[in-house]
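In: Next one to model:
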Amino acid sequence: MSELKKGTIVHLTNGGTAKVEKELGRGGQGIVYVVDYQGEKKALKWYINKPGKKFYNNLKTNIENGAPSPVFIWPEYLTKVENNSFGYLMKLRPSDYYEFGTFLLAKHSFDSFYAITVAAMDICEGFKALHAQGLSYQDLNDGNFFINPKTGHVLICDNDNVFPHRQDSGIRGKARYMAPEVVGGQNPDAHSDKFSLSVILFLLFYGNHPFEGRRVAACPCMTESDEKKFYGSEMTFIFDPTNQTNIPVRGIHNNVIRLWPIFPELLRKTFITEFSADRLKNPTRRLTELQWLSVITAIRDSLIICPHCMGETFVDVEKNDNKCMQCKRSITISNILVIENRKLALTADSKYFIDRDDVADILVHKSPDQRTLLMKNLTKKQWLVETPSGKSRILEPMESMPVKTGMKISFVSFNKRGEIL
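Out: So this is what the prediction gives:
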């Protein structure tokens with residue numbers, strides 16, 4: 001029963017049924033259909049070649065345990081085995097979310113750099129939640145992610161290949177996304193997932209694969225032996241400072257050549273370290289999801305609105321020669337908000353975040369006469385403010401106050417303190 005016809009009724013293990021309406025798409029494992037389940041449209045993934053009993057039972061367990069977090073389009077209902085095959089139901093992808101691969105092919109693009117940081121944080125949060133339950137991916141690739149180009153929010157799909165760490169699902173995945181030890185024959189675990197996470201993040205920020213440079217471009221026909229070499233035993237980062245044999249090729253890897261200098265130095269240094277020979281050979285030294293979230297938070301902290309052209313640009317609070325990457329004009333940073341170990345350059349029309357979600361907590365703007373820089377409380381809680389002269393006051397939600405050097409702020413609902421330098 002490799003294919004289902006319109007009107008076919010499939011029976012679920014919970015006693016319910018679903019009626020096939022139309023095909024959505026197909027891949028190596030199976031075909032996805034739109035089905036009607038109790039008056040609601042769902043997606044049904046139906047396997048072309050029935051996986052084994054172990055796969056079926058693991059899928060059943062994952063459904064019973066539920067999704068690790070809301071970013072997953074998680075299997076919801078399992079079908080019975082019928083005519084030597086089976087499938088599962090899940091939510092349909094919203095129409096304003098597009099497959100990550102279409103972004104890499106430039107069929108879709110992010111509306112803003114901010115949206116890219118949201119996508120990166122969503123992906124990291126998803127990996128973090130998955131690993132907290134002792135699970136890892138067995139077939140991770142760019143097809144696992146659907147992204148809203150306006151908001152940057154991500155939905156992670158094809159989660160039927162999620163298994164407990166180091167258990168063999170029988171699905172090997174794609175070499176381009178596997179850790180070198182998995183390409184070499186080991187079973188996936190949280191450490192190999194961390195490598196795959198770094199690859200996905202690199203693709204997200206730079207639009208090219210981190211290990212596909214001159215050497216891969218010169219390969220006339222990628223054989224299995226070549227894959228094991230380029231993505232396993234001899235993988236070389238395209239910006240490895242100690243090995244220039246696999247650098248990007250102009251005319252082929254234009255995205256990464258253009259974007260590599262645009263994003264902050266912190267991101268470049270992090271990828272150079274994460275894709276170094278040391279990290280490739282020592283999986284336990286790879287960055288955790290929390291460490292990646294700290295890096296991405298810092299990238300978002302450095303993203304402001306240029307006061308000249310009103311475009312997005314990155315700034316470095318430690319430098320005096322910041323220039324807008326859009327209009328190339330110099331940007332003066334007169335005040336910095338320090339929250340713990342974070343430093344945020346305060347510029348007009350920029351929004352700032354106290355925690356890791358994508359809801360802005362602070363808006364900096366000009367006074368009506370354009371002479372004074374103001375800070376607006378976008379949260380739903382009061383701030384406790386100590387002025388440079390030592391006086392205390394309360395800043396109510398949606399209220400603004402002048403930005404002054406020496407001002408100290410208690411963001412009570414976040415249990416954090418800030419100071420303006």
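In: From here on, just use CA atoms for contacts and neighbour counts.
Out: OK.
In: Read off the pLDDT value for Leu363.
Out: On pLDDT, Leu363 comes in at 97.
In: Contacts only, for it.
Out: By C-alpha atoms under 8 Å, 6 or more residues apart in numbering, Leu363 lies in contact with 349-352, 375-378.
In: now swap in Met375 and tell me
Out: 362-365, 400-403.
In: can you redo these as CSV with distance to Ala67 and secondary structure?
Out: Below are the contacts of Met375 laid out as CSV (distance: C-alpha to C-alpha, whole Å; DSSP: H, G, I helix; E, B strand; the rest coil):
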residue, distance to Ala67, secondary structure
Ile362, 32, strand
Leu363, 34, strand
Val364, 38, strand
His365, 40, strand
Ser400, 40, strand
Met401, 43, strand
Pro402, 45, strand
Val403, 43, coil
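In: are any of these buried, and which?
Out: Buried members of the contacts of Met375, scored by 16 or more other C-alpha atoms under 10 Å, are 362-365, 400-401, 403.
In: Out of the residues you listed, which comes closest to Asp189?
Out: Ile362 (39.1 Å; C-alpha to C-alpha).
In: now Glu419: how far from Ile333?
Out: With the distance defined as C-alpha to C-alpha, to the nearest Å, Glu419 ends up 15 Å from Ile333.
In: sorry, that was for Ser233
Out: 47 Å.
In: Check Val34 too.
Out: Distance from Val34 to Ile333, by C-alpha to C-alpha: 53 Å.
In: Show me which of the two is the more surrounded one.
Out: Neighbours were tallied for Val34 and for Ile333 using other C-alpha atoms under 10 Å; the higher tally belongs to Val34 (23 against 18).
In: helices or strands next to the helix or strand encompassing the more buried one in the packing?
Out: Val34 is part of strand 30-37, with elements assigned from DSSP states H and E. Judged by 3 or more C-alpha pairs under 8 Å, 6 or more residues apart in numbering; DSSP states H and E, strand 30-37 is in contact with strand 17-26, strand 40-47.
In: Quickly compare those strands and say which is most buried.
Out: Neighbour counts (mean count of other C-alpha atoms under 10 Å) averaged over each of the helices and strands packed on strand 30-37 peak at strand 40-47, with a mean of 22.
In: Show the subsequent helix or strand relative to it.
Out: Reading on from strand 40-47 to the C-terminus, the next helix or strand found by DSSP H and E is helix 53-65.
In: which other helices and strands contact whichever helix or strand comes after that following helix?
Out: Of the helices and strands lying after helix 53-65 in sequence (DSSP H and E), the nearest is strand 77-78. Packing partners of strand 77-78 (3+ C-alpha pairs under 8 Å, 6+ apart): helix 53-65, strand 87-90.
In: contact partners of the first one?
Out: It refers to helix 53-65. Contacts to helix 53-65, defined as C-alpha under 8 Å, 6+ apart, come from residues 74-78, 160, 163, 169.
In: switch to 10 Å and redo it
Out: 13, 50, 68, 74-81, 86-89, 133, 135, 159-164, 168-171 (C-alpha atoms under 10 Å, 6 or more residues apart in numbering).
In: Check stretch 7-20 too.
Out: Counting by C-alpha under 10 Å, 6+ apart, stretch 7-20 makes contact with 4-6, 21-22, 33-44, 60, 77-82, 86-89, all of which sit outside it.
In: Mind doing that once more with 7 Å?
Out: 5-6, 21, 33-37, 77-80 (C-alpha atoms under 7 Å, 6 or more residues apart in numbering).
In: Only the C-alpha atoms, please, for it, written as PDB.
Out: C-alpha atoms of stretch 7-20 as PDB (Å, rounded to 0.1, in the frame of the first residue of the first chain):
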ATOM      1  CA  GLY A   7     -11.400   9.100  -0.100                       C
ATOM      2  CA  THR A   8      -9.300   6.300   1.500                       C
ATOM      3  CA  ILE A   9     -10.100   5.800   5.200                       C
ATOM      4  CA  VAL A  10      -7.200   5.100   7.500                       C
ATOM      5  CA  HIS A  11      -7.800   3.800  11.000                       C
ATOM      6  CA  LEU A  12      -6.000   5.200  14.000                       C
ATOM      7  CA  THR A  13      -4.800   3.400  17.100                       C
ATOM      8  CA  ASN A  14      -7.100   5.600  19.300                       C
ATOM      9  CA  GLY A  15     -10.200   4.200  17.500                       C
ATOM     10  CA  GLY A  16     -10.700   7.200  15.200                       C
ATOM     11  CA  THR A  17     -10.400   7.500  11.400                       C
ATOM     12  CA  ALA A  18      -9.100  10.000   8.900                       C
ATOM     13  CA  LYS A  19     -10.200  10.500   5.300                       C
ATOM     14  CA  VAL A  20      -7.600  11.200   2.600                       C
END
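In: which parts of it are buried?
Out: Buried, per 16+ other C-alpha under 10 Å, within stretch 7-20: 10-12, 17-20.
In: Backbone dihedrals for Phe113, please?
Out: phi -70, psi -30 (degrees, to the nearest 10).
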